[in-house]
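Q: The following comprises the amino acid sequence and a computationally predicted model.
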Amino acid sequence: MPHWGSVAIMSLTMDRYNPAEIEAKWQQIWKEQESFTVPNPDDRGEAAPAAKSYVLEMLPYPSGTLHMGHVKNYTMGDVLARFRMRNGLTVFHPMGYDAFGLPAENAAIKTGAHPEELTRINTTNINQQLHRLGVSIDWSRELATCDPEYYKWTQYFFLKLFEQKLAYRKEAAVNWCPSCATVLANEQVIQGGCERCSTAVEPRSLAQWFFKITAYAERLLQDFKLLKSWPERVITMQRNWIGRSEGAEVVFRVEELDLDIPVFTTRPDTLFGATFFLLAPEHELVQALVDGTEFENPVRDYVASARMKPVLDRSAPDREKTGEFTGRYVINPVNNERIPIYISDYVLMEYGTGAIMAVPAHDQRDFEFARNFDIEVRPVVAAGGQAEAGGETMAAAFEEDGIMINSGHFDGMPNREAGRAITEWLNSEHLGRVAVSYRLRDWLVSRQRYWGAPIPIIYCDNCGAVPVPEDDLPVLLPKVNDYAPKGRSPIAANEEFVNTTCPACGGAASRETDTMDTFVDSSWYFLRYTDPHNDKEPFNKRIANYWMPVDQYIGGVEHAILHLMYARFFTKVLFDMGMVDFEEPFTNLFTQGMIYYKGAKMSKSKGNVVNPDEHVERYGADTLRLYILFMGPPELDVEWQDQGIDGTSRFLGRVWRLVNEVVEKTKPLPEERPDFDGAAGPAASLLGKTHRTTAKVTADISGRFRFNTAISAIMELVNEAYLAKETLLADEEGKIVIRIVAETVVALLDPFTPHLGAELWQRLGHKCIWREPWPQADERWLQEETYELVVQINGKVRDRLQVPSSASQEELAAAARASGRISRYTEGKQVVKEIIVPGRLVNLVVK
RNA sequence: GCCGAAGUGGCGGAACUGGCAGACGCGCCGGACUCAAAAUCCGGUGGGGCUCACCCCCCGUGUGGGUUCGAUUCCCACCUUCGGCACCA
């Protein structure tokens, strides 16, 4: 039973800031009016009325609900989108779901539900969350990568790559995660463990599909120059991942057998110091070398044990060097010396040629091996050029540069120069050539799991691997009853799916049952947005060329290598096939920092998750959006503070009360605004602050995305408005000024807090703020009339003087000297030097 | 080990191209309003010293040096934290 007091309280709360109410109101309007839908350029190819800007945030993986990292990501994108919209650009701002993938499948295994059903529930949920955040998305372009209308085209691209010989199948030692029961790409192995579950990956020899990304290694490096504002660290990470090294390929002939084995070396200058030769245990010639000899059995045992070793053990850098002699020798082409061939597991089959010339004097690993096997260490590069130290006495390999010794007629040359000369000589003798090697491996795309796009290939006993004809796409993912991983895809158990006829000869055949890595799905989604309902082709070239490339891409730095490199690769392939006219998908990239809580990354397993929904409910989406950007510089990691959000909540309440009071006590602004030329006192000072704030907020958003400082500038303006409010409301000119201030505050705040912006803008007597032009700072008001001049003695602040902005250097110096406080320090001393920085300070150097 | 980023009050952070260190916010302290509380509004808040009415002085941006009239900012060396790579020939 309410008592009488509640009536009064009710009427007071009527006009209290009520985010739930106004947010629902504007979300409804934006949805019904499709306020952020943008049309494609029409079929005649007429240019759109304004320049376009493609603002894109990385699409979410729909695992349950959005977390704070998503909120930060989508809010940042939204601020930019709304800001650019209001600055006259045609903003393209779509959204979708990276909906295939393991988590949904694992959840399905646990609960028995279908992954598709779980995914549908999650995408619906996330769609609602995004609406509740008020992001300005063109929802007419929404897509999910697990829809057949989408993955039909993912399969189509697989076929295109197959046609170009960029998709191929080979038997290879691959990374197997026993827990996820699938193979992984190299990029998905983190320190020998699965990126998803950290289980140690095992080597397995399997026939798998690869995309030939190595064919694009050089262009992926070269085209960094086409990228405008990518973070340096992302480029560095990709550069390291690609791992380009220049050197030489040198061919060694095996004695007695008719075999040539090439090696790759970055140190051709040390060729005269090669005292043994190594093959990776997996090298294809190992068996041929030892066949029928006394070395066959021990070598075979060694190879077998190397194959068994977990990837992590094998790659530990400080492991004891082991190996096995093959009984064979190669001839060193530069001096015709015979040197023994060993096998050792520190030589990797995947890098270079899987064989190396070993130079123990100048390579630490080879040095350790030589000491273990009692092999000669022969220095060929000497520091400073003095006579050689004996190899027997060296304690470690000498890896620096120096002067050549023990190297025939190359002696005395600087080693780098000698390297070039030796390579040239090898080249003229057809024994070697300049070569470049990359660390990058081809992209393994097969996955032995259910919830992904089926690889559109049919195996026929007569015809081999045959592509599914384009007209038969999509190859639909069949329903199955059991998703449990068994080391092969669950769809392999579905005979109806597997058994088919060969498209080439019509004979009995079976389908490929592996699905594609989900990074394939996300390597082209940004193109599909441009033409999402096209059922004739993945996208129309002209339309894609119009919207692409993405002008601003925003996402987490964890995708620095994986997604961002795959998407670049895909775009280059499409460019080469003539499907698009640009070579890089993302001109500008911004990588946001992570949000920590209680000293660690938020994660369900640690139980330190801050739920965005709860905060939207308690404070409103605008408050959450504002706080998440106010927390700190967006590119840095920041710690979530529970009480911090109260500050932005209070601030929005202050804005609400200020603007409503202004609406109540002043009239709408006249068409023709006074120029305030004669204005003085609080009116002039607040007007100046307003223009300076406008300039700062504009620069902060458009420049380096310094949202935190933009917001604090608006806070300062609101603080000053509160202090001047009573005075200004007392006269007519003041009323106009405070009304201008209120409108500017709302206009500047709007990209951050769009619901509050829309509501207050309406109350101020206007319409649709998201279409209003962005406020412009007036030059005349940017300069303050006077400023505080700092006066220093020997670099220490001793006084501050109020001086006119127009004061000359001489006037500033005179004012400084005239200061009573300053005289204390100059008395009896000599002013040796005067440094005058107009606008800032005067520094007197005294002795 | 190599490469990259970062170290500023009790906390998140600010300081443009070398020019007032600590904007803005949190927290805390005080005042106003209130019977009271919440909310709100106003003020204070780096440390130390002093003849502590708010005048003044000293110290202070991870550590130690350097350049400069002047350094959070530039240079050298080092420490710590985080991220990437790591037997890649």
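A: The structure has been received and is ready for your questions.
Q: what pLDDT, on average, does stretch A:30-49 get?
A: Taken as a whole, stretch A:30-49 carries a mean pLDDT of 80.
Q: can you check stretch A:541-557 too?
A: Averaged across stretch A:541-557, the pLDDT comes to 94.
Q: what about it, start to end distance?
A: With CA to CA, to the nearest Å as the measure, stretch A:541-557 spans 30 Å from end to end.
Q: Quick check, pLDDT for whatever residue of the stretch 351-500 of chain A ends up closest to RNA strand B.
A: Per CB to the nearest atom of the strand, residue A:352 is where the stretch 351-500 of chain A lies closest to RNA strand B, at 3.3 Å. C-beta coordinates here come from the backbone N, C-alpha and C atoms, glycine included. Here, the pLDDT recorded for residue A:352 equals 91.
Q: what number of residues lie near the residue of chain A found nearest RNA strand B?
A: As assessed by CB to the nearest atom of the strand, RNA strand B sits closest to residue A:647 within chain A, at 2.5 Å. By the criterion of other CB atoms under 10 Å, residue A:647 has 15 neighbours.
Q: how close does it sit to residue A:289?
A: Distance, residue A:647 to residue A:289, using CB to CB, to the nearest Å: 73 Å.
Q: secondary structure class for residue A:701?
A: Residue A:701 falls in the helix class when you classify it by DSSP: H, G, I helix; E, B strand; the rest coil.
Q: Can you tell me the closest non-neighbouring residue to it?
A: With sequence-adjacent residues excluded and distances taken as CB to CB, 6 or more residues apart in numbering, residue A:701 is closest to residue A:83, at 5.1 Å.
Q: what's the helix or strand for that neighbour?
A: Using DSSP states H and E, residue A:83 falls within helix A:68-86.
Q: do residue A:688 as well
A: Using DSSP H and E, residue A:688 falls in helix A:681-702.
Q: Do I have it right that residue A:785 meets residue A:805?
A: Yes: using CB atoms under 8 Å, residue A:785 is in contact with residue A:805, at 6.0 Å.
Q: Tell me how far stretch A:754-766 lies from the chain's centre.
A: In terms of CA atoms, centre = their mean, to the nearest Å, the centre of stretch A:754-766 is found 35 Å from the chain centre.
Q: Which positions in stretch A:204-211 come out as buried?
A: Within stretch A:204-211, the residues that count as buried by 16 or more other CB atoms under 10 Å are A:204, A:206, A:208, A:209, A:210, A:211.
Q: Touching that stretch from outside, list them.
A: By CB atoms under 8 Å, 6 or more residues apart in numbering, the residues outside stretch A:204-211 that reach it are A:161, A:166-176, A:183, A:442-446, A:455, A:457, A:512, A:514, A:520, A:569.
Q: before we move on, the earlier item: JSON lines please, covering the buried residues of stretch A:204-211 and showing distance to residue A:275 and secondary structure.
A: Formatted as JSON lines, the buried residues of stretch A:204-211 follow (distance: CB to CB, whole Å; DSSP: H, G, I helix; E, B strand; the rest coil):
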{"residue": "A:204", "distance to residue A:275": "35", "secondary structure": "strand"}
{"residue": "A:206", "distance to residue A:275": "38", "secondary structure": "strand"}
{"residue": "A:208", "distance to residue A:275": "38", "secondary structure": "strand"}
{"residue": "A:209", "distance to residue A:275": "42", "secondary structure": "strand"}
{"residue": "A:210", "distance to residue A:275": "37", "secondary structure": "strand"}
{"residue": "A:211", "distance to residue A:275": "40", "secondary structure": "strand"}
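Q: Greatest separation within those: which pair is it?
A: Farthest pair in the buried residues of stretch A:204-211 (CB to CB) is A:204 and A:211. Separation: 19.4 Å.
Q: any chance you could map the helices in the stretch 601-750 of chain A?
A: A:612-619, A:621-630, A:644-665, A:681-702, A:707-728, A:732-749 (DSSP state H, counting those that start in this stretch).
Q: Tabulate the ones you listed in TSV, adding columns for distance to residue A:411 and mean pLDDT.
A: As requested, the helices of the stretch 601-750 of chain A are exported to TSV (distance: least, CB to CB, whole Å; pLDDT from 0 to 100):
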stretch	distance to residue A:411	mean pLDDT
helix A:612-619	70	94
helix A:621-630	65	96
helix A:644-665	69	95
helix A:681-702	62	92
helix A:707-728	63	95
helix A:732-749	73	95
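Q: Name the stretch among those that sits most buried.
A: Mean neighbours per residue, mean count of other CB atoms under 10 Å, is largest over the helices of the stretch 601-750 of chain A for helix A:621-630, with a mean of 26.
Q: Quick one: mean pLDDT for the helix holding residue A:83?
A: For helix A:68-86, mean pLDDT rounds to 95.
Q: again with stretch A:416-435
A: Rounded mean pLDDT across stretch A:416-435 is 94.
Q: Give me the contact list for that stretch.
A: A:246-251, A:264, A:267-269, A:271, A:333-334, A:401, A:404, A:407, A:410, A:413.
Q: rerun that using 10 Å as the cut-off
A: A:245-253, A:260, A:262-272, A:333-334, A:352-353, A:380-381, A:401-404, A:407-413, A:415 (CB atoms under 10 Å, 6 or more residues apart in numbering).
Q: Would you tell me which residues of the stretch 701-847 of chain A are close to RNA strand B?
A: Counting by CB under 7 Å from any atom of the strand, the stretch 701-847 of chain A comes close to RNA strand B at A:706, A:708-709, A:711-712, A:715-716, A:719, A:722-723, A:787-788, A:790, A:792, A:794-798, A:800, A:821, A:833, A:835, A:837, A:840-841, A:843, A:845.
Q: backbone phi and psi for residue A:326, please?
A: phi -100, psi -10 (degrees, to the nearest 10).
Q: Isn't it up against residue A:355?
A: No: contact between residue A:326 and residue A:355 fails when scored by CB atoms under 10 Å: they sit 11.7 Å apart.
Q: Now for these two: what residues contact both?
A: With contacts defined as CB under 10 Å, 6+ apart, the residues shared by residue A:326 and residue A:355 are A:277, A:278, A:279, A:285, A:286, A:341, A:343.
Q: doesn't the second one fall inside a strand?
A: This points to residue A:278. Yes: counting by three-state DSSP, one finds residue A:278 located in a strand.
Q: For it, name its beta-bridge partners.
A: residue A:342, residue A:356 (DSSP bridges).
Q: per-domain residue ranges of chain A.
A: For chain A, automatic domain parsing gives the domain ranges A:244-438, A:641-781, A:786-846.
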